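K.L.:
A predicted structure for the sequence below; I have some questions about it.
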Amino acid sequence: MAQTIGVAGFTGKFARCVVNSLLQNPGISVRGFCRDPSKLPLSVTASSRITIIKGDFNDKDALQTFVAGTDVVICCYLGDAELMSEGQKLLIDACVAKNVPRYIAGDFSVDITNIPYGALPPKDPCKDILKYIESKDIQGIHILIGVFMETFWSDFMQIWDPKQKRLSYWGTGHEIWESTTYGNAADYTAAVAMDTTAVGIQQFLGDRKSLIEIAEIFAKVYGYEPDLHNLGALEDLHQSMHKSLQINLADVMAWMPKFFFYWSQNEDTRLKKDLDNTNYSHVVPVTFEDFIRCHKFEELASAADNLTFEIPDRS
């Protein structure tokens with residue numbers, strides 16, 4: 001079935017993966033919205049199946065031009081609270097004005113539904129949008145995927161230290177990490193976008209493993225055991241992250257990784273057992289072991305920086 005799907009925040013790394021997934025399907029055309037199309041490679045701007053609309057997040061005319069004629073809009077914004085809250089509201093308003101039937105919100109990592117306001121500050125805008133969509137004449141979709149697997153290994157999470165060959169953690173090490181690769185998350189997002197019956201909260205995962213289990217997989221694949229460094233109990237982390245927030249509010253990297261670690265390990269953010277993976281059986285979940293086997297250990301920390309557009313050569 002021919003569809004036109006809008007992707008806002010088109011130059012972002014997750015948007016690239018989503019577009020790659022969408023264009024594997026010959027009947028799909030993509031409309032992209034971004035501030036600076038010059039960041040896009042020629043393979044994207046020259047594609048007959050992609051139309052790019054340039055505009056700032058608060059350019060109401062450009063937003064309406066972008067969403068007009070789309071069957072669903074996917075928000076791939078990533079930025080500050082103004083972009084994630086006010087920016088999404090303007091995008092939703094444009095969708096409503098142009099009768100777009102469905103909107104996929106910019107949620108993805110960490111289940112926001114049971115987190116109180118202020119408990120994970122970067123996700124408060126997502127909670128705002130959850131309520132905002134309910135008040136509008138449009139079907140909202142919220143895709144939750146745990147932690148991006150590439151991000152788990154990145155410097156941001158402060159878990160993997162490639163120089164020391166060390167995995168650092170708070171808690172016992174037996175707490176479960178729920179994680180999905182960018183590629184898997186994009187495949188599920190594309191599948192949901194093309195499925196006109198898909199609405200509401202959708203939950204997908206590549207894998208569930210404890211840090212102890214991940215270390216065992218690491219040792220099996222690479223042939224040596226990583227050093228395991230315990231940083232304290234989760235209660236210690238809770239105190240530390242709030243202290244860091246109070247002292248270094250402007251320095252987000254001093255506290256944000258701790259908040260994401262804590263809430264990724266909290267039972268209130270666990271995804272459901274009967275995942276929505278089964279609705280799209282053509283998507284093959286990538287496990288931690290799959291991911292590790294596909295990367296040299298020195299590539300793990302930079303995996304999130306090496307995502308590229310791979311536009312299919314199809315008319």
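P.N.:
Noted; the coordinates are in hand. Numbers count the residues shown, from 1 in each chain.
K.L.:
Relative to Asp161, how far out is Met241?
P.N.:
19 Å (Cβ to Cβ, to the nearest Å). All C-beta spots, glycine's among them, are computed from the backbone N, C-alpha and C.
K.L.:
tell me which residues in the helix-or-strand element of the chain with minimal mean pLDDT are buried?
P.N.:
Across the helices and strands of the chain, mean pLDDT, DSSP states H and E gives its lowest value to helix 42-45, namely a mean of 87. For helix 42-45, a neighbour-count test (16 or more other Cβ atoms under 10 Å) marks Val44 as buried.
K.L.:
pull the CA atoms of that helix into CSV?
P.N.:
Taking Å, rounded to 0.1, in the frame of the first residue of the first chain, the C-alpha atoms of helix 42-45 are listed here in CSV:
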residue,chain,number,x,y,z
LEU,A,42,23.5,13.7,-2.0
SER,A,43,22.0,10.1,-1.9
VAL,A,44,19.2,11.5,0.3
THR,A,45,18.5,14.8,-1.3
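K.L.:
so what strands line up beside whichever helix or strand comes after it?
P.N.:
Next helix or strand after helix 42-45 toward the C-terminus (DSSP states H and E): strand 50-54. Counting by DSSP bridges, the strands paired with strand 50-54 are strand 28-34 (parallel).
K.L.:
show me the contacts for the residue lying closest to Gln265 once chain neighbours are set aside.
P.N.:
Counting by Cβ to Cβ, 6 or more residues apart in numbering, the nearest residue to Gln265 once its immediate chain neighbours are dropped is Glu175, at 4.5 Å. Shown in contact with Glu175 (Cβ atoms under 8 Å, 6 or more residues apart in numbering): Ser210, Leu211, Leu234, Gln265.
K.L.:
picking up where we left off before, for Met241 and Asp161, indicate the residue with more neighbours.
P.N.:
Higher neighbour count among Met241 and Asp161: Met241, with 22 against 15, using other Cβ atoms under 10 Å.
K.L.:
unless I'm mixing things up, the more buried one is touching Trp263, no?
P.N.:
No - using Cβ atoms under 8 Å, Met241 and Trp263 do not qualify as a contacting pair, with a distance of 9.6 Å.
K.L.:
So for this structure, the centremost residue is which one?
P.N.:
Nearest to the geometric centre of the chain sits Phe108, at 4.1 Å (Cα atoms, centre = their mean).
K.L.:
about what we covered before: so which elements touch the least confident helix or strand of the chain?
P.N.:
strand 50-54 (3 or more Cβ pairs under 8 Å, 6 or more residues apart in numbering; DSSP states H and E).
K.L.:
contacts for the strand it packs on?
P.N.:
So strand 50-54 is contacted by 10, 19, 23, 29-37, 40, 44-45, 62, 65-66, 311 (Cβ under 8 Å, 6+ apart).
K.L.:
Kindly report the same for stretch 155-170.
P.N.:
By Cβ under 8 Å, 6+ apart, stretch 155-170 touches 147, 151-154, 211, 214-215, 218, 224, 226-234, 236-237, 253, 257, 260-262, 265, 297-298, 300-301.
K.L.:
For stretch 162-175, which residues meet the burial criterion?
P.N.:
Leu167, Ser168, Tyr169, Trp170, Gly171, Glu175.
K.L.:
Closest to Gly183 out of those?
P.N.:
Checking the buried residues of stretch 162-175 against Gly183 with Cβ to Cβ, the nearest one is Leu167 at 23.1 Å.
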